[in-house]
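Participant: Using only what follows, build the 3D model:
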Amino acid sequence: MNIAESSHPARWWHTLEDGRIQCDLCPRDCRLHEGQRGMCFVRKMEGGRLVLTTYGRSSGFCVDPIEKKPLNHFYPGSSVFSFGTAGCNLACKFCQNWDISKSRETDTLADAAGPAEIARTAKKLGCKSVAYTYNDPVPFAEYAMDTADECRKLDIQSVAVTAGYIHKAPMVEFYAKMDAANVDLKGFTDEFYVKHCGGRLQPVLDTLIYLRRETQVWFEITTLLIPGLNDSDAEIRQLSEWVGRELGPEVPLHFTAFHPDYKMMDRPATPAATLTRARKIGMEVGLHYVYTGNVHDPEGGTTYCPSCKTPLIVRDWYEIPAYHVSDDGHCPKCGAAIAGRFQKFGKAFGGRRIPIAMHLA
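Facilitator: The predicted model follows:
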């Protein structure tokens, strides 16, 4: 199924003196001639204005466990309705979803649904939240924000899975619609971002600081550790210390395993021992919740009470065989508060992933 390209008015742009327009969504500040697309590929100058070409069009819809985002402290065990579009405003050589984020083919967008339909479907399927994921939601911010508005009407939460590469003005508007986020902190040097992501580090740090200091959005951080590039003890320690100092020790940090993909096929997969080492460093500097991902590591996936060290949410991959957090988010043994968003825990959704065909939903 090939869905014809649509053009939806975009926000955050202005006209330049030479007749071009500048996109003001992210730090790339793309300057476009008529008919030209931005680096993200999905924002385009058309008829003298900026348009979003993927509004209402998706690379697919799935129901996932919320832990797959990954979010371990946002209604654990619940299901999330997930979708993405195409395009990305970074150029990570190691992208694990490059077939979606770097797609230049409209055939990738083989499904379609408007914001209200997505919200209704998520409600019908019993999902606690909707996640804007697979590719970064920043390039399709208008679509994500309109969907979040429809979700809020039905008491459904909204989750952004993002690299956090966005300017301040749209950031404020975007996160006003979101309830949770997982932000990729891809490395902790500007050199890494420039050489391997086509971006800069500081805008991502600014996003994280904004989320912590100026919003009520629950957020967690993910760092993909790549052998020989961003996995040294020194860099892991600097990153972990920054999180603790600037964001607070209660912000969960996930260290996940890289596998060779896209333009980085010359690196080996991340050994499980590297993730265990990173988790140990994060905990040594005082972070309360440090996790491992993309490997089978029940200890690294389990949530422990930061006070008495009791295992509270035991995870085996995306399964939860034991759950002991009180409904209001406390340790039942010592009474310590557990950071996050919690509710009465029933039967966990489990580790399955269910593709959804919107016309059949």
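Participant: phi, psi of P260?
Facilitator: When read as degrees, to the nearest 10, the backbone of P260 gives phi -60, psi 130.
Participant: Spatially central, which residue of the chain would that be?
Facilitator: Nearest to the geometric centre of the chain sits V161, at 1.5 Å (Cα atoms, centre = their mean).
Participant: That one and T270: what is the separation?
Facilitator: Separation of V161 from T270 (Cβ to Cβ, to the nearest Å) stands at 20 Å. Using the backbone N, CA and C atoms, a C-beta is placed for each residue, glycine as well.
Participant: go on, P115?
Facilitator: Distance from P115 to T270, by Cβ to Cβ: 37 Å.
Participant: R37 now?
Facilitator: In terms of Cβ to Cβ, R37 sits 34 Å off from T270.
Participant: which of these two has more neighbours?
Facilitator: Between R37 and T270, counted using other Cβ atoms under 10 Å, T270 has the larger neighbour count: 22 against 17.
Participant: Would you agree the more buried one is in contact with F258?
Facilitator: Yes. T270 is in contact with F258 according to Cβ atoms under 8 Å; the separation is 4.7 Å.
Participant: Now do the shared contacts for the two.
Facilitator: Contact with both T270 and F258 is made by residues 225-227, 294, according to Cβ atoms under 8 Å, 6 or more residues apart in numbering.
Participant: Report the lowest-confidence entry in these.
Facilitator: Lowest pLDDT among the shared contacts of T270 and F258: N294, with 94.
Participant: count of residues packed around the closest residue in space to it that isn't next to it in sequence?
Facilitator: In space, and not counting its chain neighbours, N294 is closest to A257: 3.8 Å by Cβ to Cβ, 6 or more residues apart in numbering. Applying other Cβ under 10 Å, we find 19 residues neighbouring A257.
Participant: I156 too?
Facilitator: Using other Cβ under 10 Å: I156 sits among 22 other residues.
Participant: What strand or helix carries the closest residue to it other than its chain neighbours?
Facilitator: Of all residues not flanking I156 in the chain, A122 sits nearest, at 5.4 Å (Cβ to Cβ, 6+ apart). Assigned by DSSP states H and E, A122 belongs to helix 115-124.
Participant: Determine how far that helix lies from the middle of the whole chain.
Facilitator: 20 Å (Cα atoms, centre = their mean, to the nearest Å).
Participant: Begin at 55, not 1, for the rest of this chat.
Facilitator: Fine by me, first position is 55 from now on; the one you just mentioned is helix 169-178.
Participant: list the buried ones in that helix?
Facilitator: 169, 171-177 (16 or more other Cβ atoms under 10 Å).
Participant: Let me know the closest of these to C146.
Facilitator: When these are ranked by distance to C146 (Cβ to Cβ), I172 comes first, at 26.7 Å.
Participant: for the stretch 55-204 of the chain, which spans come out with low pLDDT?
Facilitator: Within the stretch 55-204 of the chain, the stretches with pLDDT under 70 are 55-60, 151-164.
Participant: show me where it has strands.
Facilitator: Using DSSP state E, counting those that start in this stretch, the strands of the stretch 55-204 of the chain run over residues 62-63, 67-69, 75-77, 85-86, 97-100, 103-106, 111-112, 114-119, 133-138, 165-166, 183-186.
Participant: Could you dump those strands into JSON lines and include mean neighbour count?
Facilitator: Below are the strands of the stretch 55-204 of the chain laid out as JSON lines (neighbours: other Cβ atoms under 10 Å):
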{"stretch": "strand 62-63", "mean neighbour count": "14"}
{"stretch": "strand 67-69", "mean neighbour count": "14"}
{"stretch": "strand 75-77", "mean neighbour count": "22"}
{"stretch": "strand 85-86", "mean neighbour count": "16"}
{"stretch": "strand 97-100", "mean neighbour count": "24"}
{"stretch": "strand 103-106", "mean neighbour count": "20"}
{"stretch": "strand 111-112", "mean neighbour count": "24"}
{"stretch": "strand 114-119", "mean neighbour count": "20"}
{"stretch": "strand 133-138", "mean neighbour count": "26"}
{"stretch": "strand 165-166", "mean neighbour count": "17"}
{"stretch": "strand 183-186", "mean neighbour count": "27"}
